[in-house]
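S.K.: below: sequence and its predicted model.
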Amino acid sequence: MLLSAALGTVLKPRISLADERPPINLETMVPKTFDEWREEANMLAQVVNPHQKSMLDKIYSQTLSRTYVNKQGYRIMLSIAYGKNQSDALQLHKPEVCYPAQGFKLLSRKNTIIELPSHLIQATRLETSLGARHEPVTYWTVVGDYSVKSSISKKLVEINYAIQDKVPDGMLFRISSIDKDTLTAYAIQEQFAKDIADVIDDNIRTRFMGGKSKKI
């Protein structure tokens, strides 16, 4: 912590990494139909958000919430939050915070790995409930091009970019489903993650899924 504080004082990056790369447009970059999944456009939004829209607009550059359904009628809720500037003042809000803020109980939390053909995603799984609604969640955080699983690894990535005089952008990618069978929910969520990773354009995939990782 002392090292991070000291380095934070010395390293004050000036260049926005996002400005050096193609702009993010979540609405167009994330397909509405892929593999066996299609957006259920008329489905009433059930995606949990951490704050009212006015607050979301201050924290994030863009957000995207959709519900997808497959041929078996299984529904996945997708929520993506993108922040152009991952400074200490503007941080992605993790589901561990936003779900309890909406009245959910946090029943369990554990780290997991999602294996893509190109790399591993360091993800987190949560079990949450609100009354009769049981909602398993899988999410991951990407800072710049790094998949990070802890606040320490996130800070190390930020320092790595700061040494290059750059402020990284960040993405929080969250998948959830209303399902009392937690193990089935996690298995389907993992397959959904792999399916959507396959169809996101190669040139931008690392910004959604990470491509590098810190083993912290």
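M.R.: Done, it's in.

S.K.: same question for stretch 190-202, mean pLDDT?
M.R.: On average, the pLDDT along stretch 190-202 is 95.

S.K.: what about it, distance to the chain center?
M.R.: 14 Å (C-alpha atoms, centre = their mean, to the nearest Å).

S.K.: contact partners of that stretch?
M.R.: Contacts with stretch 190-202, where a contact means C-beta atoms under 8 Å, 6 or more residues apart in numbering, come from 29-31, 34-37, 68, 76, 78, 114, 116, 121, 123, 138, 175, 205, 208-209. From N, CA and C alone the C-beta is placed, and that goes for glycine too.

S.K.: restricted to helices, list these.
M.R.: Judged by DSSP state H, these include 29, 205, 208-209 as members of helices.

S.K.: can you flag the buried ones in the contacts of stretch 190-202?
M.R.: 29-31, 34, 37, 68, 76, 78, 114, 121, 123, 138, 175, 205, 208-209 (16 or more other C-beta atoms under 10 Å).

S.K.: chain center to stretch 70-80: distance?
M.R.: 16 Å.

S.K.: which parts of it are buried?
M.R.: 70, 74-80.

S.K.: could you do stretch 200-216 as well?
M.R.: Applying 16+ other C-beta under 10 Å to stretch 200-216 flags 200, 205-211, 213-214 as buried.

S.K.: before we move on, what about stretch 161-171?
M.R.: In stretch 161-171, counting by 16+ other C-beta under 10 Å, buried: 161-162, 166-171.

S.K.: which two among those are spaced furthest apart?
M.R.: Spatial extent of the buried residues of stretch 161-171 (C-beta to C-beta) is set by the pair 162 and 171 at 18.8 Å.

S.K.: please consider this matter closed, and thank you.
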